[in-house]
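S.K.: Sequence and predicted structure, then a few things I'm wondering about:
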Amino acid sequence: MSLPFSTAAKPSITLSNGRLHNPKFTVPRAELTMVPRQRGARILPELSNHGVSLADLHVQEVVERQSQNVNVTNEYPYKKAQFSPSFLKDAYESCRNICAEYAKTFYLGTLLMTEERQRAIWAIYVWCRRTDELVDGPNADYMSSSVLDRWEKRLQDTFNGRPYDMLDAALSDTVSKFPLDIKPFRDMIEGMRMDTRKCRYETFQELYLYCYYVAGTVGLMSVPIMGIAPESLVSPQTIYNAALYLGIGNQLTNILRDVGEDASRGRVYLPQDELSHFGLCDKDVFSFKVNDRWREFMKQQITRARFYFNLAEEGASQLDKDSRWPVWSSLILYREILNAIEENDYDNLKKRAYVGRAKRLLMLPLAYTKSLSTQGFSLQ
Ligand SMILES: CC(C)=CCC/C(C)=C/CC/C(C)=C/CC/C(C)=C/[C@@H]1[C@@H](COP(=O)(O)OP(=O)(O)O)[C@]1(C)CC/C=C(\C)CC/C=C(\C)CCC=C(C)C
Ligand SMILES: [Mn+2]
């Protein structure tokens, strides 16, 4: 059984420049998508045209604004912040500690990067984590649209060299050193807004847009820091797409791992039309019971998440060589969560798929081996 592909009309969306985009206008696909050659594409041919024009528009705008500046560190539109070296050292040290505490495997992977890049990634990680905590953290009860509006104003100030606290100061400094654009940061906040307004997704297109906002954006923020290998012959657009797909794959995996946990909060991040295609509905999710229909549905969802990881793989090898290890670690680790769901016989309603510490540590040398590959440098 294959997934239905919906072409339902989509709402308009305002981009950061204030222009209203008509989503019926779709960016020519050839410019945006890498040619899918993977297993997933064969199983689900309709996914090779995943019809995600709203997210595409965001990505294209980020790529246009940011990609010309990749690897350029001296010309930048945001104001430079002036901090003493010792203050900055402490600020980045705080970011490092948070990252090491919350994302251990990934943190280890960053240790091979140049010092400046490590610090930048930790600062971005902390900003993302804090943004997520606004809606998911212990103070989530105080969440409101004005909280997110204030967070966005604060982001703007941070980009303009006026941070509100030490952790923001690390980001201000990062922004002055790397050609980052504010748009993916704003878009992540938009994803949090979406999460507070919405707890059901009718189609995969809707879900994909959410995944772009909360996770694809992380990929787009990371590329200017990680850098593209000087010997890469692939276009920046292709590499940004791969980064986006890694974020999408990660978030789809997150969603599949957390179905039960999210359901207990009344949330279902699964396309409703696909549930019904498999003879399922919300009631089945809230029953927390796994049956064969659920297993079949999950198989398809897992295949789709793998499809995005496969697309991301090609771009990972195009990054600067010192930056590839954490990317491969993240890719392999998240993909392993999908295997863990299978090992739980698709019970993600009562069980949380988990990759044990020993397995996680074993992945680091595997990721390292992958990161040595220069595959594709002479192909395109
Ligand atoms: C060319 C190429 C392949 C480049 C690589 C690009 C790249 C580095 C992509 C990274 C993608 C990535 C790690 C995305 C994170 C996706 C994610 C898990 C998002 C989560 C959102 C909300 O989900 P939810 O609330 O459902 O989940 P929890 O239960 O709360 O976990 C997030 C939590 C949003 C916040 C994201 C972060 C805290 C992660 C930020 C990570 C970085 C800045 C580092 C990225 C760098 C590497 C090397 C992985
Ligand atoms: Mn969260």
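M.R.: Here it is on my side, so go on. Worth saying up front: this structure is predicted, and the values here are computed from it rather than measured. Ligands and ions are numbered 1, 2, ... in the order given.

S.K.: How about the residues of the protein by ligand 1?
M.R.: Residues of the chain found near ligand 1 (C-beta under 6 Å from any ligand atom) are 106, 121, 124-125, 128-129, 132, 136, 214-215, 218-219, 222-223, 239, 242-243, 246-247, 250-251, 254, 258, 312, 315-316, 319, 326-327, 330. Heads up, the C-betas are built off the backbone N, CA and C, glycines and all.

S.K.: Show me the residues you listed that map onto strands.
M.R.: Counting by DSSP state E, no part of these is found in strands.

S.K.: In contact with the closest residue to Leu111 other than its chain neighbours, which residues?
M.R.: Computed as C-beta to C-beta, 6 or more residues apart in numbering, the closest residue to Leu111 that is not its neighbour in sequence is Gln118, at 7.0 Å. Counting by C-beta atoms under 8 Å, 6 or more residues apart in numbering, Gln118 touches Arg96, Thr110, Leu111.

S.K.: chain center to stretch 308-324: distance?
M.R.: Stretch 308-324 has its C-alpha centroid displaced from the chain centroid by 14 Å (C-alpha atoms, centre = their mean, to the nearest Å).

S.K.: Only C-alpha atoms, please: export that stretch in CSV.
M.R.: Only the C-alpha atoms of stretch 308-324 are listed here, as CSV (Å, rounded to 0.1, in the frame of the first residue of the first chain):
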residue,chain,number,x,y,z
TYR,A,308,15.1,12.0,3.6
PHE,A,309,18.2,10.6,5.4
ASN,A,310,19.3,9.1,2.1
LEU,A,311,18.9,12.4,0.4
ALA,A,312,20.9,14.1,3.1
GLU,A,313,23.8,11.7,2.8
GLU,A,314,24.9,13.1,-0.6
GLY,A,315,25.3,16.6,0.9
ALA,A,316,27.1,15.5,4.0
SER,A,317,30.1,14.5,2.0
GLN,A,318,30.2,17.9,0.4
LEU,A,319,30.8,19.8,3.6
ASP,A,320,34.2,20.9,4.8
LYS,A,321,36.0,17.8,5.9
ASP,A,322,36.4,18.9,9.6
SER,A,323,32.6,19.4,9.8
ARG,A,324,31.4,16.1,8.4
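
S.K.: State the mean pLDDT of that stretch.
M.R.: For stretch 308-324, mean pLDDT rounds to 94.

S.K.: What of stretch 64-83?
M.R.: Averaged over stretch 64-83, pLDDT sits at 61.

S.K.: now do stretch 207-215
M.R.: In this model, stretch 207-215 has an average pLDDT of 96.

S.K.: cool, stretch 228-241 as well?
M.R.: 92.

S.K.: now stretch 339-349
M.R.: Averaging pLDDT along stretch 339-349 yields 98.

S.K.: which one of the contacts of Gln118 has the most neighbours?
M.R.: Neighbour counts for those (other C-beta atoms under 10 Å) peak at Thr110, which has 22 neighbours.

S.K.: For ligand 2, what is the nearest residue in this protein?
M.R.: Per C-beta to the ion, Asp136 is where the chain lies closest to ligand 2, at 3.6 Å.
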